[in-house]
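K.L.:
Sequence first, predicted coordinates after that:
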Amino acid sequence: MSSALRSRFPLIYKEFKHCMISSCSRRCSSSVPGTQPQRSYLKPIITSVGCGIVAGSLYAYYSSQTNNDPTNLNPAIVANSPTLKSHPPIQISRKIVIPNDTTGLEITLFQYPTCPFCCKVRAFLDYHGLSYNVVEVNPVLRQQIKWSQYKKVPILLIKDGDEYVQLNDSSMIISTLSTYLKNRQTCITEITQYYPTMTLTESDSGKKTDVVNKYHVMLANTDQNQIDIDKDERKWRKWADEVLVHTLSPNVYRTKDEALQAFQWFSEVGEWERLFSRWEQVLVVYVGAYAMWMIGKKLKKRHNLKDNVRESLYDECRTWVKEVNKKGKFCGGSSPNLADLAVYGVLSSIEGCQAFKELLENTKIGRWYNDMKQACQNHSGIVLSR
Ligand SMILES: N[C@@H](CCC(=O)N[C@@H](CS)C(=O)NCC(=O)O)C(=O)O
């Protein structure tokens, strides 16, 4: 063994040397000088080669058996939405009260003010004129969601009878509420059973959890034209979650200055000065900005964004504008559909950032965006009574 190899693999070298010494000493002690010298060398070689072949074959047989065994697959764990006997004792940050809301729903949204998934849910609630409570979650310490096993936001709690149903995942929340608004006879708990959470354990990437049917509004539609419209709406909702959203962070946190400016805006929108202690606020703004600047660079690579990340954001928004123009004022035609609300919600999360300003200057998304903003502020989708 060369000295270079020895220095790179000291442990292997030690083992190799140990084997050489032990096999050599065995050979010396077991053989009688002058008698059958070839056999004493050949026997251990043949024995080890033979053992190797047998062990290798057994291993190959075992592997092929276990790989083909269907019972060896990891089963999925399926769970329904959790329910709580009482509301967690967390201080409500603010109440949004819509006087014309006739649903009587008691809703609490746990959120970060500028998380795109939370903004999507708020866009839905505002557009449909639903009253709701907001709990601002501290994004670093997250004490406000300690009671929950699910550790992301948004989380929505809805009172149903004597209990509170916990809805996790923005698209599931929107589909559940949308189903309810179209058929108020069905109770929320019953609707959530159409959206179980499924956890799969995959050998290479660990656990993966997602909500089944999360883009489906549960209506018994038989009209083919409506079925096609619904399918298209689902396609763009998914696009908002899986494509558009990934262009945001690398743009908002493109430089350290932009990241800090973004976090200062988050603090303003989320009223962190009022809601969090001074040290918590400083921690979140500075630690958050620095961490997100670092993470933004990784996300740029992971999602294959262009070198100039702005171009990726503009490209996706131009794709969206083209789609809207094919359909009318909104993707939903003359009024917004769930895809409009999803895309608007996602983009509204960066409204105070430099990236958004430049997006308006470089694309034609402004007209649609302002129409959506007005529709949400005016609660244009409110269902007055049913
Ligand atoms: N699929 C989820 C994604 C939610 C999500 O990723 N939320 C982020 C905030 S934008 C989160 O809570 N991340 C965990 C953390 O901040 O610790 C949804 O649509 O609601």
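P.N.:
Yep, it's here.
K.L.:
which residues of the stretch 51-200 of the chain fall in strands?
P.N.:
77-79, 83-84, 94-96, 107-111, 132-136, 155-160, 163-168, 197-202 (DSSP state E, counting those that start in this stretch).
K.L.:
now for those, which one comes closest to the ligand?
P.N.:
Taking C-beta to the nearest ligand atom, strand 163-168 is the member of those nearest to the ligand, at 7.1 Å. In this view, the C-beta of every residue, glycine as well, is placed from N, C-alpha and C.
K.L.:
now for the closest one, which elements pack on it?
P.N.:
The elements that strand 163-168 packs onto, with contact taken as 3 or more C-beta pairs under 8 Å, 6 or more residues apart in numbering; DSSP states H and E, are strand 83-84, strand 155-160, helix 188-192.
K.L.:
winner for burial among those?
P.N.:
Among the helices and strands packed on strand 163-168, strand 155-160 has the highest mean neighbour count (mean count of other C-beta atoms under 10 Å), at a mean of 22.
K.L.:
Just the angle for that strand relative to strand 107-111, thanks.
P.N.:
Between the axes of strand 155-160 and strand 107-111, defined by axes from the mean of the first three to the mean of the last three C-alpha atoms, to 10 degrees, the angle is 170 degrees.
K.L.:
Next, the residues that contact stretch 184-193 from outside, please.
P.N.:
80-81, 83, 103, 158, 160-161, 163, 165, 167, 176, 179-180, 218, 386 (C-beta atoms under 8 Å, 6 or more residues apart in numbering).
K.L.:
Just the buried ones from the residues you listed, in PyMOL syntax?
P.N.:
To isolate the buried members of those in PyMOL, using 16 or more other C-beta atoms under 10 Å:
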select buried, resi 81+103+158+160+163+165+167+176+179+180+218
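K.L.:
Any chance you could note which residues of the stretch 101-250 of the chain sit beside the ligand?
P.N.:
Tyr112, Cys115, Phe117, Pro139, Lys152, Val153, Pro154, Asp169, Ser170, Ser171 (C-beta under 6 Å from any ligand atom).
K.L.:
Next, the contact list for the last one, please.
P.N.:
Think Ser171. Residues in contact with Ser171, defined by C-beta under 8 Å, 6+ apart, are Lys120, Val211, Lys214, Tyr215, Arg237, Asp241, Ala342.
K.L.:
Could you dump these into JSON lines and include secondary structure and neighbour count?
P.N.:
Formatted as JSON lines, the contacts of Ser171 follow (DSSP: H, G, I helix; E, B strand; the rest coil; neighbours: other C-beta atoms under 10 Å):
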{"residue": "Lys120", "secondary structure": "helix", "neighbour count": "29"}
{"residue": "Val211", "secondary structure": "strand", "neighbour count": "21"}
{"residue": "Lys214", "secondary structure": "coil", "neighbour count": "21"}
{"residue": "Tyr215", "secondary structure": "coil", "neighbour count": "21"}
{"residue": "Arg237", "secondary structure": "helix", "neighbour count": "26"}
{"residue": "Asp241", "secondary structure": "helix", "neighbour count": "20"}
{"residue": "Ala342", "secondary structure": "helix", "neighbour count": "32"}
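K.L.:
Out of those, which is nearest to the ligand?
P.N.:
Nearest to the ligand among those, with distances taken as C-beta to the nearest ligand atom, is Asp241, at 6.2 Å.
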